[in-house]
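Q: got a predicted structure here, sequence first:
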Amino acid sequence: MSEKFVAAIDQGTTSTRCMIFNHKGRVVAVDQKEHEQIFPKAGWVEHNPIEIWENTRTVVSGALAKADLTAADIVAVGITNQRETAMVWDKHTGKPVYNAIVWQDTRTAAICEELAAMGGGAERYKAKVGLPLATYFSGPKVRWILDNVEGVRERAEAGDLLFGNMDTWVLWNMTGGAGQGDERGIHITDPTNASRTMLMDLETLTWDESIAADMGIPMSMLPEIRSSSEVYAEGRQRGALHGVPIAGILGDQQAATFGQACLSPGEAKNTYGTGNFMLLNTGQEMVPSKNGLLTTVCYKIGNEPTVYALEGSIAVSGSLVQWVRDNLGLISSAEEIEVLASSVDDNGGCYFVPAFSGLFAPYWRADARGAIVGLTRFVNKGHIARAVLEATAFQTKEVLDAMNADSGVDLTALKVDGGMVVNETLMQFQADILGVPVIRPVVAETTALGAAYAAGLAVGFWASGDDIRNNWAEDKRWEPNMDPATRDKAYALWKKAVTKTFDWVEKD
């Protein structure tokens, strides 16, 4: 019997890619394509869903071609995605009624304030959904589309429109889209994505009709919630994965947690991507946060009990490097940031707080905006580059401190993954400022790997979580070497810098 493989579609914030893995969890092939970032107004961020679907088809074909494989070599495909990015489309035509509104978008601040004013404040729904009222989540984005795109609310109430995060959009198209009868795409999501809408009851894993009513969202728009690992359907869209079981869905950060083999309570990982996201597996216990973290679904494998997590979400980390490249022109490629940062010994007293979309965990301040502070004539572009990298590490420390406080257990090491973990300067500073070892796995792009594992488990390609644990392997470890006094001083100045970003946005 010839060797078989699992494919994963990773629909991310800046690009879509397809990765193919073997039984050992090693990458066999990858193809990737960026999509346009659309900024209609300050604070607004959109994606073109049609472009994303076309890119998905392209990268799937590209990955198979690079590995010289066909659909017959693939036993299952998993999907992972940017989670809170929301879109609405016509189920009869498959056409979006508006661009996808990206998780970083802040246009729904007034909607969130309106809901908070109805009673309960920012934590109005938190006991049920694990989330504060914030522009980050999908529900208010759908409400904005219904309220602001002409004729859309009427079409939604007539049952003609569907809502989904990007996992739902990709799956719907892969399984037939706007086809007829049994050839029509299936409209589903998994609990990790549903838990990011602010519409799902964390305990029952069902949509909450009262919250949907508060937000004015018809229940007919919402996808069916299925587990994160089961065979949903076979690929019906004519293309490279026709006939392959689609068998796993995990939101990107939960997928990375799964790919990092954080399958036991107390295990945590941090992903360094467009934003930064730290998740701590809390097992079957839903731990309410008192320190600005989110309570979320970690994963649900088939009929097994739901596993929950605490999450610290940081809006801007890798996208800050992209901003320095594209908006300032200080570097011509993301890799150059490390060279520039390494040209100086420290940040020269400069701190960069990238509150471009407000501040997420642990502050949840929609009124904050980015700031560079501590500037003197001494500061040069090397110091600014170093401050850019350090911003990611400082924000991670804030989340880790909150996680330690909520869980009552101090993490003794941090598993890391994502595109930024190739940056040695950042990883060393991260270990220094945390005071714990930072560990990178052999397969650093664990988001796609986690989706592959979920799909492979559903079809028996991997037998259990033990196979996933056995596949995990350490690539490199950074030990802290900063003395505590220096660490404490640097962190205190960072906390002071953060306060300078508050109250910048004034209400209209």
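A: Received it, and whenever you're ready, just let me know what you need.
Q: just give the number of residues close to D182.
A: Neighbourhood size, D182 [other CB atoms under 10 Å]: 7. The C-beta positions use only the backbone N, C-alpha and C, and glycine is treated the same way.
Q: what are the phi and psi values for it?
A: Main-chain torsions, D182, degrees, to the nearest 10: phi -70, psi -10.
Q: same question for the one 3 residues further on.
A: Backbone torsions of G185, given as degrees, to the nearest 10, read phi -60, psi 150.
Q: that one: what's it in contact with?
A: By CB atoms under 8 Å, 6 or more residues apart in numbering, G185 lies in contact with G94, L171, W172, N173, M174, T175, G176, G177, A178, G179, R236.
Q: the last one: which element?
A: Assigned by DSSP states H and E, R236 belongs to no helix or strand.
Q: read off the pLDDT value for the closest residue to it other than its chain neighbours.
A: Among residues not flanking R236 along the chain, G176 sits closest, at 4.4 Å (CB to CB, 6 or more residues apart in numbering). At G176, the model reports a pLDDT of 88.
Q: pretty sure G176 sits against G235.
A: No. G176 is beyond contact range of G235, at 9.2 Å (criterion: CB atoms under 8 Å).
Q: residues of stretch 73-85 that come out buried?
A: By 16 or more other CB atoms under 10 Å, the buried positions in stretch 73-85 come out as 73-85.
Q: correction: the previous question concerned stretch 215-223.
A: So stretch 215-223, judged by 16+ other CB under 10 Å, has buried residues M215, I217, P218, M221, L222, P223.
Q: show me what contacts the fourth one?
A: For M221, the contacting residues are V88, V142, A156, L161, L162, F163, by CB under 8 Å, 6+ apart.
Q: if we go to 10 Å?
A: Residues in contact with M221 (CB atoms under 10 Å, 6 or more residues apart in numbering) are 88, 91, 142, 146, 156-157, 159-164, 187, 212.
Q: likewise for the first one?
A: Going by CB under 10 Å, 6+ apart, M215 touches 111, 114-115, 125, 139-144, 146, 197-199.
Q: would you mark the buried spots in the biggest helix by length in the chain?
A: Longest helix in the chain by number of residues (criterion: DSSP state H): helix 381-407. Under the neighbour-count criterion of 16+ other CB under 10 Å, helix 381-407 has 382-403, 406-407 buried.
Q: hang on, the earlier thing: by neighbours, which of the contacts of G185 wins?
A: In the contacts of G185, the most neighbours by other CB under 10 Å go to M174, 28 neighbours.
Q: quick check on it: phi, psi?
A: The phi/psi pair for M174 (degrees, to the nearest 10) reads phi -60, psi -30.
Q: was I right to think it contacts G78?
A: No. The pair M174 / G78 is not scored as a contact, 11.6 Å apart, by CB atoms under 10 Å.
Q: any common contacting residues for these two?
A: With CB under 10 Å, 6+ apart, M174 and G78 have common neighbours I9, I246.
Q: keeping just the C-alphas, turn stretch 98-115 into CSV.
A: As requested, the backbone C-alpha atoms of stretch 98-115 are provided in CSV (Å, rounded to 0.1, in the frame of the first residue of the first chain):
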residue,chain,number,x,y,z
TYR,A,98,-20.5,42.6,1.7
ASN,A,99,-16.8,42.0,2.2
ALA,A,100,-15.7,39.9,5.2
ILE,A,101,-15.2,42.1,8.3
VAL,A,102,-11.9,41.1,9.8
TRP,A,103,-11.3,40.4,13.5
GLN,A,104,-9.1,43.5,13.8
ASP,A,105,-11.9,45.8,12.7
THR,A,106,-13.2,48.3,15.2
ARG,A,107,-16.4,49.7,13.5
THR,A,108,-18.7,47.8,15.9
ALA,A,109,-17.7,49.8,19.0
ALA,A,110,-21.1,51.7,19.1
ILE,A,111,-23.0,48.4,18.8
CYS,A,112,-21.0,46.9,21.7
GLU,A,113,-21.6,50.0,23.7
GLU,A,114,-25.4,49.9,22.9
LEU,A,115,-25.6,46.2,24.0
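Q: please renumber the chain so that the first residue is 41 from this point on.
A: From this message on, residue numbering opens at 41, which makes the last subject stretch 138-155.
Q: any idea of the mean pLDDT in that stretch?
A: 93.
Q: for stretch 391-408, same thing?
A: Mean pLDDT, stretch 391-408: 89.
Q: verify the stated contact: K64 with A513.
A: Yes. Using CB under 10 Å, K64 is in contact with A513, at 9.2 Å.
Q: mutual contacts of those two, please.
A: When contacts are counted by CB under 10 Å, 6+ apart, K64 and A513 are jointly contacted by V482, V483.
Q: and K455, that's in a strand?
A: Yes. The assignment for K455 (DSSP: H, G, I helix; E, B strand; the rest coil) places it in a strand.
Q: from R183, how far out is it?
A: As judged by CB to CB, to the nearest Å, K455 and R183 stand 37 Å apart.
Q: who has more neighbours, these two?
A: K455 (25 against 22).
Q: quick check: V70 is in a strand.
A: Yes. Under three-state DSSP, V70 sits within a strand.
Q: A280 versus that one, what's the distance?
A: According to CB to CB, V70 and A280 sit 14 Å apart.
Q: same check, this time on I257
A: Applying CB to CB, the value for I257 to A280 is 35 Å.
Q: and for T436?
A: Distance of T436 to A280, computed by CB to CB: 38 Å.
Q: does L186 count as helix, strand or coil?
A: Applying three-state DSSP: L186 is helix.
Q: in this structure it contacts G256, no?
A: Yes. Applying CB under 10 Å as the test, L186 and G256 come out as touching, 6.2 Å apart.
Q: name the residues contacting each of the two.
A: Contacts common to L186 and G256, judged by CB under 10 Å, 6+ apart, are R193, A196, E197.
Q: let me have the residues you listed in a markdown table, extended by pLDDT, neighbour count and distance to T297.
A: Below are the shared contacts of L186 and G256 laid out as a markdown table (pLDDT from 0 to 100; neighbours: other CB atoms under 10 Å; distance: CB to CB, whole Å):
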| residue | pLDDT | neighbour count | distance to T297 |
| --- | --- | --- | --- |
| R193 | 95 | 18 | 37 |
| A196 | 95 | 22 | 33 |
| E197 | 94 | 14 | 37 |
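Q: which one of those sits closest to I341?
A: Of all the shared contacts of L186 and G256, I341 sits closest to A196, with 32.9 Å by CB to CB.
Q: please, which helix or strand holds that closest one?
A: For A196, the host element (DSSP H and E) is helix 192-197.
Q: can you get me a residue count around E514?
A: Neighbour tally, E514, other CB under 10 Å: 10.
Q: quick one: it from I151, how far?
A: Distance, E514 to I151, by CB to CB: 45 Å.
Q: before we move on, what about W247?
A: For W247 relative to I151 (CB to CB), the value is 19 Å.
Q: how's the protein carved up into domains?
A: Following the TED database, one gets these domains for the chain: 45-293, 301-481+513-547.
Q: what's the closest of those domains to F501?
A: Using CB to CB, these put domain 45-293 closest to F501, at 5.1 Å.
Q: any idea how far apart the tips of that closest one sit?
A: One end of domain 45-293 to the other measures 23 Å (CA to CA, to the nearest Å).
Q: for stretch 303-315, same thing?
A: With CA to CA applied, stretch 303-315 spans 23 Å between its terminal residues.
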